[in-house]
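J.: task: produce atomic coordinates for the following.
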Amino acid sequence: MVESIKHAFSVEFAPLSLEHKVETVGTGVINSFFIKMPNEATLESKWRLISNFLAVNYQNEMDDEFQRWNLYVFYTLNDSISNRLKYLIENDTFSSRKIVVSSSETQESIIQQHISNSDLSSEVGQVARTGQYNPNQLLWNTLHDKILRRKKRLSDPTNEALDEIVNSLKES
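T.: Numbers count the residues shown, from 1 in each chain. Predicted coordinates for the structure are as follows:
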């Protein structure tokens, strides 16, 4: 299926090319596509079309739910781009995770940084304590007998408790 997608991509988006990588994470498979963009203008005019193309021709054909929700599209460029365009692309929630990266990075390092996070290290050990926790007595005295519920519109008891906290803090 990937070869036919690559061919259709090369016909529709010439001279751009599409590369595909597969990363296994636990028992799941994550698909990544890399598209080298020549400049910001091309990226701005083509990124949404490319995203739609991959959603319809590749993602839509996936049977595995995990793979469908874990599709990455990396747009690589030599030049830096405007923060506005990068934000627009990377915060678009349709179909896939889209990331703009420098073409000087290798595909392996991009995958390490954005998918497998194998560039991060963690150590298991004791947690250093910086001091004893001291609860805020003013807040505790105000809230200990109140029932607070999370709602869009605050209830009267919640408003009263918040007012009492504010007043108590102003007085202290």
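J.: identify each of the helices in the protein and give its residue range.
T.: Using DSSP state H, the helices found in the chain span residues 2-12, 40-57, 65-69, 83-90, 107-111, 137-143, 156-171.
J.: ok, residues contacting the third one?
T.: Helix 65-69 is contacted from outside by Gly28, Val29, Ile30, Asn31, Gln59, Met62, using C-beta atoms under 8 Å, 6 or more residues apart in numbering. No exception for glycine: its C-beta is placed from N, CA and C like everyone else's.
J.: how much space is there between the nearest residue to the second one once chain neighbours are set aside and Trp47?
T.: For Val29, the nearest residue in space outside its immediate sequence neighbours is Gln67; the separation is 5.5 Å by C-beta to C-beta, 6 or more residues apart in numbering. Counting by C-beta to C-beta, to the nearest Å, the gap from Gln67 to Trp47 is 22 Å.
J.: which one's more surrounded, those two?
T.: The neighbour count for Gln67 versus Trp47, taken as other C-beta atoms under 10 Å, is higher for Trp47 (20 against 16).
J.: pretty sure that one sits against Ile99.
T.: No - between Trp47 and Ile99 there is no contact, the gap being 11.0 Å when judged by C-beta atoms under 8 Å.
J.: mind listing the shared neighbours of these two?
T.: In contact with both Trp47 and Ile99: Tyr75, using C-beta under 8 Å, 6+ apart.
J.: per-domain residue ranges of this protein.
T.: What automatic domain parsing lists as the domains of the chain is 2-116, 137-171.
J.: and the end-to-end length of the longest one?
T.: Chord length of domain 2-116, first to last residue, is 22 Å (C-alpha to C-alpha, to the nearest Å).
J.: just the pLDDT for the nearest residue to Glu23 once chain neighbours are set aside.
T.: Counting by C-beta to C-beta, 6+ apart, Glu23 lies nearest to Ile30, which is 4.6 Å off, once chain neighbours are set aside. Note on Ile30: pLDDT of 92.
J.: number of residues surrounding Ile30?
T.: The burial count for Ile30: 19, using other C-beta under 10 Å.
J.: look up phi and psi at Val135.
T.: I think there's a mix-up here, since residue 135 is Pro and not Val. phi -70, psi 150 (degrees, to the nearest 10).
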